[in-house]
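**Student:** Here you go, sequence then predicted model.
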Amino acid sequence: GNTFEGCTNLTKVVFAEGVTHIHTVSKYFVDSKLFGKEVSYTGSGNANVFAGCPIEEVVFPSTLVSIGSGAFRNCNITNLVFPASLTEIGDNAFEGNNIQSITFEKDAEGKSALKTIGANAFVGHSLSGKLEIPASVTTIGKYAFAGKERVEILNEAGEGTGEYDYTDCSTLTEVVLPEGLTEVNEGTFAYLYNLAKVNVENIGRFNALSFAYAGMLNEEGIELTFGTMTNVNSTIHKVNETTHEVESFGNGPFGYANIKKMTFLDADNIKGKLLHSISKMPEIVFPEGLTALPDHFYYGSFFEEITIPANIESFGNNVFEYCINLKKVVFEDGSQLKTIGTFAFSYCINLASVNLPDSLESMGIWAFRGAWSLKSLVIPANCYLDSYTTALWGEDQTLYLRSPLKYANCDYDFNFDKSGTMGKANIVCGYKG
C-alpha cells in the first residue's frame with residue numbers, strides 16, 4: 001500500500017537488481033539514510049508507495065516489470081530512465097512531479113517491453129524537445145502525457161486579463177506515436193502548447209481533448225494526416241433555447257489547437273467532429289473524387305466563415321451543428337450540392353448569411369433549427385423541404401419558398417399556423433425574388 005508515503009527526508013531511491021514490481025514486492029527500498037543497504041518489506045496493495053516523498057532521483061533496476069498506481073505521485077523527480085524490461089506504468093504513477101526528460105531504454109535487439117501507460121501517468125510534466133513512445137506500447141490512458149496547464153494572468157482586481165503565463169509548461173515540439181497504438185484517449189496529449197509534429201496516420205479513434213491546445217505557441221501550426229480513422233468522440237456545446245446564449249462549451253480532440261492542415265487519405269475513413277472547437281479553419285485536403293461531407297464533419301467548430309467546394313454533392317447529418325461562431329457560408333460557383341442532411345445548420349446561432357445553390361434538391365428535418373441570427377432564407381425551386389426545417393425560428397425571421405409544391409409533411413395548405421413545426425417564422429410561398 002502506501003508504504004513510504006510522506007517520508008519527508010527521502011530524496012533518492014535506488015532499486016536493487018532483481019526487483020520486478022514497485023508495489024507488492026520486498027527487498028527493494030533504499031533511502032538517503034540507508035543507501036547501499038537492502039530493506040526487506042512485504043506488503044499489499046499497489047498504490048502510492050512513495051507518494052509525497054521529496055524524491056529528486058530514482059534509479060530503476062534492469063529487471064523492473066511494472067510500476068504501480070500513484071507510486072511516485074507528488075514527488076520532486078525531474079528525470080526518468082525506464083529499463084527495457086518495463087511492461088506497465090500505472091495510473092498517476094508520476095503525477096505531480098516536474099518531469100523534464102523521459103528515456104525509454106531498449107534491449108540488445110533495440111526493443112522495449114512497455115505495453116501500457118496508465119491514466120495521468122505523467123500529467124503536469126514539463127517535457128521538452130521530442131518524445132518518442134516505444135513501438136511496443138498499445139495503450140495510453142487519459143491525460144497520461146498532458147502537460148502543465150498555462151495560468152491566466154490576473155489584474156489588480158483579480159480579474160482575468162486574457163493573457164497567460166506559460167512558465168514550466170511543456171515545450172515538446174514532436175511526439176512519435178507507436179504504430180500499434182490505435183486510440184488516443186481523452187486529454188492524453190493535451191496542453192502541449194509548442195507541439196509542431198505528431199504522427200496520427202494509424203490512430204483509429206480520437207476522444208475529447210486528445211490534443212487540446214496543441215501548438216498554440218507554434219506560429220506555423222501542425223500538419224496532420226489521417227488514415228485508418230473509425231471513430232471520433234467529443235462533448236457538445238449547450239445552447240439555451242430561450243436566451244439563445246451558449247451555456248457551456250464542449251470539446252473536440254483538437255480543441256483550441258493550432259492546426260495548419262488536415263489531409264485525409266481514405267474517403268471511407270473520414271469521420272466528423274475532428275474540427276470540434278477548433279478556432280481557425282485549417283486547410284483541408286480530401287481524397288480525390290470525394291463528393292459527400294460526412295456526418296458531423298464541421299460540428300462544433302469555432303470558425304466564422306466557410307466556402308463549400310463546388311464538387312460537394314451532399315452534406316451528411318449535423319455537418320455544421322453547433323458551429324456557434326459561424327456567420328457566413330459561401331457555395332462556390334457551379335455548386336453541385338443536392339442534399340443537406342438533418343440538423344445540418346442547427347444551433348448555428350450567429351449564422352447571418354447563406355445563399356443555398358439552385359442545385360439543391362432536398363433538405364433534412366431541423367436543418368436550420370435554432371439559427372436565430374439568420375433573418376431570411378431562400379429555398380431553391382427544386383428543393384424538397386421538410387416541415388421542421390426552421391424549428392425554433394422567431395417572428396423576425398422569414399422563409400422564402402420558390403416552389404411551395406416541394407414542401408413536405410404539410411397539413412396546413414401552406415397557411416402555416418406557426419404552431420412550432422417551422423417555429424414562428426414568416427413564410428412566403430412562390431417567392432420570385
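**Tutor:** Okay, I see it.
**Student:** Let me know how buried the residue nearest to E245 when sequence neighbours are not counted is, in neighbour terms.
**Tutor:** Counting by C-beta to C-beta, 6 or more residues apart in numbering, V239 is the residue found nearest to E245 once chain neighbours are left out, at 7.2 Å. Where you see a C-beta, it was placed from the backbone N, CA and C, and this is true even at glycine. Applying other C-beta atoms under 10 Å, we find 20 residues neighbouring V239.
**Student:** Tell me where the model's unsure across this structure.
**Tutor:** Within the chain, the ranges that satisfy pLDDT under 70 run 1-6, 24-47, 387, 404-422.
**Student:** Give me the secondary structure label for the residue most central in space within it.
**Tutor:** In the chain, the residue lying closest to the centroid (C-alpha atoms, centre = their mean) is P253, at 1.3 Å. Following DSSP: H, G, I helix; E, B strand; the rest coil, we place P253 in the coil state.
**Student:** Was I right to think it contacts R205?
**Tutor:** No - contact criterion C-beta atoms under 8 Å: P253 and R205 do not qualify, at 9.4 Å.
**Student:** Check the contact lists of these two and give me the overlap.
**Tutor:** 184, 232-233 (C-beta atoms under 8 Å, 6 or more residues apart in numbering).
**Student:** Which members of those residues are classed as buried?
**Tutor:** Buried members of the shared contacts of P253 and R205, scored by 16 or more other C-beta atoms under 10 Å, are 184, 232-233.
**Student:** quick one: contacts for K271?
**Tutor:** By C-beta under 8 Å, 6+ apart, the neighbours of K271 are 229-232, 294, 296.
**Student:** will you turn those residues into JSON lines that also has distance to A425 and secondary structure?
**Tutor:** Compiled in JSON lines, those are given as follows (distance: C-beta to C-beta, whole Å; DSSP: H, G, I helix; E, B strand; the rest coil):
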{"residue": "M229", "distance to A425": "38", "secondary structure": "coil"}
{"residue": "T230", "distance to A425": "39", "secondary structure": "coil"}
{"residue": "N231", "distance to A425": "36", "secondary structure": "strand"}
{"residue": "V232", "distance to A425": "33", "secondary structure": "strand"}
{"residue": "P294", "distance to A425": "29", "secondary structure": "coil"}
{"residue": "H296", "distance to A425": "26", "secondary structure": "coil"}
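**Student:** Widest-spaced pair of these?
**Tutor:** Using C-beta to C-beta, the contacts of K271 reach their maximum pairwise distance at T230 and H296, which is 14.0 Å.
**Student:** Comparing those two, which residue is more hemmed in?
**Tutor:** For T230 versus H296, neighbours defined as other C-beta under 10 Å are more numerous around H296 (25 against 13).
**Student:** For that one, which residues are in contact?
**Tutor:** By C-beta under 8 Å, 6+ apart, H296 lies in contact with 232, 271-273, 316-319, 321.
**Student:** Roughly how far does it sit from T307?
**Tutor:** Distance of H296 to T307, given as C-beta to C-beta, to the nearest Å: 19 Å.
**Student:** on that earlier part again, between the buried ones among the shared contacts of P253 and R205, which is closest to G433?
**Tutor:** Ranked by distance to G433 (C-beta to C-beta), the buried ones among the shared contacts of P253 and R205 are led by V232 at 40.6 Å.
**Student:** Surely the closest one touches K273?
**Tutor:** Yes - with contacts counted by C-beta under 8 Å, V232 reaches K273, the gap being 4.3 Å.
**Student:** Mind listing the shared neighbours of those two?
**Tutor:** The contact lists of V232 and K273 share 252-253, 296, where a contact means C-beta under 8 Å, 6+ apart.
**Student:** could those residues go into a markdown table alongside distance to E109?
**Tutor:** A markdown table is the format used below for the shared contacts of V232 and K273 (distance: C-beta to C-beta, whole Å):
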| residue | distance to E109 |
| --- | --- |
| G252 | 39 |
| P253 | 34 |
| H296 | 44 |
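**Student:** Nice, that's everything, thank you.
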